[in-house]
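Trainee: just the structure for this:
(one chain, ligands or ions: 1)
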Amino acid sequence: MTYQLYIRSFADGNGDGLGDVAGIRQRLPYLAALGVDAIWVNPWYPSPQADGGYDVSDYRDIEPAFGTLDEAQAMIDEAHALGLKVILDIVPNHTSDEHAWFVAALAAGPGSPERARYLFRPGKGPDGALPPNDWKAVFGGPAWERVTEPDGTPGEWYLHLFDPKQPDLDWENPEVRGEFLDILRFWFDRGADGFRIDVAHGLVKDPAMPDLGDDEEHLLGTPDRADHPHWDLPGVHDIYREWRVLADSYDPPKLFVAEAWVSSPERLAAYLRPDELHTAFDFDFVRAAWDAAELRATATSSLAAHDRVGAPVMWTLSNHDITRHVSRLGRPQSQRSADPLHGDNGETDVELGRRRARAALLLELALPGGVYLYQGEELGLEEVEDLPEELLQDPTWERSGHVERGRDGCRVPLPWAPDGPSLGFGDAAPWLPQPASWAAVSAASQEGDPTSMLALYREALRLRRDLPGLGAGTGADVTWLDLGDDVVAFRREPGVACLVNCGSTPVPLPAGTVLLSSVPLDLSASAELPADTAVWLAV
Ligand code: NOJ
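Mentor: Now for the predicted structure:
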């Protein structure tokens with residue numbers, strides 16, 4: 001059970017409106033009390049912050065706005081003292097354009113070893129004025145940017161699958177490979193227990209760089225063709241085999257979790273073969289509608305694919321790139337847009353979304369495998385959909401020509417208290433404004449309320465640790481039960497059943513003792529599971 005910390009928005013320890021390492025250190029006891037086993041910290045390295053820290057200018061230091069290397073070391077040590085593992089975030093697909101390597105590449109000119117670390121190509125057309133191919137950037141616009149050569153003439157183009165401030169590295173270059181092994185070692189030696197790998201499916205590109213046709217790129221998109229020239233190429237696996245050897249050279253071994261948006265559970269499982277990565281986020285619940293058949297099919301296929309390679313599924317409902325699941329689940333499920341992760345598919349009913357989110361938590365925690373929680377989901381936070389346009393910071397907003405608002409709505413700073421300039425986030429106004437309604441769902445407001453979302457998370461995590469029938473396991477440990485079309489139901493041994501009613505009417509509860517329910521159940525009248533709720537039963 002790992003808790004994701006989006007550092008800019010978790011807690012502000014130095015009163016500048018931006019989250020930081022000091023804020024994390026203050027809140028570590030809260031995380032330990034929540035019952036998580038590990039934390040994953042989004043990139044905390046020096047960065048111009050063109051993409052929330054995923055544009056790294058120095059992989060071996062800490063962004064000054066977040067703290068110092070010494071503070072980071074103290075945080076790692078303090079987390080360990082509380083029994084929490086620490087997962088950091090490595091960004092190997094691209095650096096910042098302000099990284100020393102890219103600055104040197106621009107200065108050194110075409111054909112230089114400095115340029116060979118990135119993907120520079122001559123342009124097409126007369127004078128090379130057209131991009132080398134038609135690839136598009138995930139954040140909008142072409143994936144190529146033309147540079148001005150040191151002599152002042154218009155020159156080569158460089159590839160950036162994301163923002164122009166994020167030039168892609170050339171992973172065919174042994175120097176790049178060596179550098180990243182060294183960076184991993186740097187943090188492993190400082191106590192990091194593992195790494196989340198950013199865009200793990202994107203590092204290798206087809207050297208022929210063929211045109212793609214009309215394909216649109218989406219940040220969380222899934223390549224819908226087997227021969228895609230820059231997503232999920234076979235060559236990425238060689239890189240992770242090397243990384244695995246490094247991880248295994250430590251005692252205890254270090255761990256990886258991949259962010260890989262691929263087209264099927266089988267393609268994902270390929271990253272998890274025994275000599276590659278240990279784990280990868282499973283985004284299939286993120287893509288699934290609140291529908292019993294869909295959820296069950298999703299769980300079944302993910303478990304089967306992972307079982308074939310002997311790896312645990314890492315269930316995920318939200319992260320810093322995705323519309324918060326309270327909002328996704330609180331929208332009409334029948335009219336989902338082409339992009340279910342961000343699409344605008346009708347009014348959000350936050351209360352309905354919270355009710356379903358409570359049930360979804362019991363579902364994912366009852367399945368075999370691990371779970372990643374995104375900060376604030378334990379408070380039941382919804383997507384903030386009405387941030388003023390002038391405050392939007394996600395590069396998607398500018399690059400899409402103000403068509404797509406981007407991901408700021410799931411990155412609003414956490415409310416820790418019901419009052420103050422930032423609802424307890426820090427001493428100053430936060431970098432993105434919080435809705436006034438969040439005063440009522442702040443961590444302090446929920447403290448002591450046994451019906452709160454926070455209480456449900458704590459109790460569910462406690463039970464999951466204590467009950468041998470929950471937590472680790474494989475698909476073989478799940479016996480699916482048939483309780484009607486609207487119910488996801490399964491049993492695990494010894495003697496735990498999980499039932500999720502995704503329908504709009506109550507369903508009868510089978511015999512058993514309630515261990516935990518997503519809403520208080522009144523069993524005196526009739527033993528029923530209400531709509532949009534879940535229960536764990538001892539059976
Ligand atoms: C995935 C990260 O989660 C996202 O926030 C980032 O924008 C892209 N990778 C590019 O690094």
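Trainee: where do the helices sit along the stretch 201-350 of the chain?
Mentor: Listed from the start of the chain, the stretch 201-350 of the chain has helices (DSSP state H, counting those that start in this stretch) covering 236-248, 265-269, 284-287, 292-309, 325-329, 350-366.
Trainee: same for the second one, what does it pack against?
Mentor: To tie it back to what came earlier, the one meant is helix 265-269. If contacts are counted by 3 or more Cβ pairs under 8 Å, 6 or more residues apart in numbering; DSSP states H and E, helix 265-269 sits against strand 279-282, helix 292-309. C-beta here means a position set from N, CA and C on the backbone, and glycine is covered the same way.
Trainee: mind checking which helix or strand the residue of the stretch 1-150 of the chain found nearest the ligand is in?
Mentor: Distances between the stretch 1-150 of the chain and the ligand by Cβ to the nearest ligand atom are smallest at residue 54, namely 3.4 Å. In this structure, residue 54 sits in neither a helix nor a strand according to DSSP states H and E.
Trainee: contacting residues around it?
Mentor: Contacts were defined as Cβ atoms under 8 Å, 6 or more residues apart in numbering; by that measure residue 54 touches 43, 47, 91, 162, 166, 198.
Trainee: now the last one: closest residue in space, sequence neighbours ignored.
Mentor: So the one you mean is residue 198. Using Cβ to Cβ, 6 or more residues apart in numbering and skipping residues adjacent in sequence, the residue nearest residue 198 is residue 91, 4.4 Å away.
Trainee: and for the residue of the stretch 251-400 of the chain found nearest the ligand, the neighbour number?
Mentor: Taking Cβ to the nearest ligand atom, the ligand has its nearest neighbour within the stretch 251-400 of the chain at residue 321, 4.7 Å off. Other residues lying near residue 321 total 21 when counted by other Cβ atoms under 10 Å.
Trainee: what of residue 150?
Mentor: Neighbour count of residue 150, defined by other Cβ under 10 Å: 12.
Trainee: look up how far residue 247 lies from it.
Mentor: Using Cβ to Cβ, to the nearest Å, residue 150 is found at 40 Å from residue 247.
Trainee: picking up where we left off before, thought the residue of the stretch 251-400 of the chain closest to the ligand was touching residue 409?
Mentor: No: Residue 321 sits out of contact with residue 409 when judged by Cβ atoms under 8 Å, with a separation of 11.1 Å.
Trainee: and residue 373, that's in a strand?
Mentor: Yes: assignment of residue 373 by DSSP: H, G, I helix; E, B strand; the rest coil places it within a strand.
Trainee: show the pLDDT at the closest residue to residue 210 other than its chain neighbours.
Mentor: In this structure, residue 210 finds its nearest non-sequential neighbour in residue 229, 5.4 Å apart by Cβ to Cβ, 6+ apart. pLDDT, residue 229: 94.
Trainee: related to what we said a few turns ago, out of the helices of the stretch 201-350 of the chain, deepest packed?
Mentor: For the helices of the stretch 201-350 of the chain, the stretch with the most neighbours on average is helix 325-329, a mean of 27; neighbours defined as mean count of other Cβ atoms under 10 Å.
Trainee: and the contacts of that helix?
Mentor: Under the criterion Cβ under 8 Å, 6+ apart, residues 286, 290, 317-318, 322, 340-341, 348, 350, 352-354, 356-357, 360, 377, 380-383, 385 lie in contact with helix 325-329.
Trainee: gap between the residue of the stretch 1-150 of the chain closest to the ligand and residue 184?
Mentor: Counting by Cβ to Cβ, the separation of residue 54 from residue 184 is 17 Å.
Trainee: before we move on, back to that, the helices and strands packed on helix 265-269: which one's closest to residue 504?
Mentor: Of all the helices and strands packed on helix 265-269, the one in closest proximity to residue 504, counting by Cβ to Cβ, is helix 292-309 (11.6 Å).
Trainee: burial count for residue 470?
Mentor: Applying the criterion other Cβ under 10 Å, we find 20 residues in the vicinity of residue 470.
Trainee: tell me who's in contact with residue 445.
Mentor: Contact partners of residue 445, counting by Cβ under 8 Å, 6+ apart, are 417, 418, 439.
Trainee: got the residues you listed as JSON lines, with secondary structure, pLDDT and distance to residue 211 columns?
Mentor: Compiled in JSON lines, the contacts of residue 445 are given as follows (DSSP: H, G, I helix; E, B strand; the rest coil; pLDDT from 0 to 100; distance: Cβ to Cβ, whole Å):
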{"residue": "417", "secondary structure": "coil", "pLDDT": "98", "distance to residue 211": "54"}
{"residue": "418", "secondary structure": "coil", "pLDDT": "98", "distance to residue 211": "55"}
{"residue": "439", "secondary structure": "helix", "pLDDT": "98", "distance to residue 211": "52"}
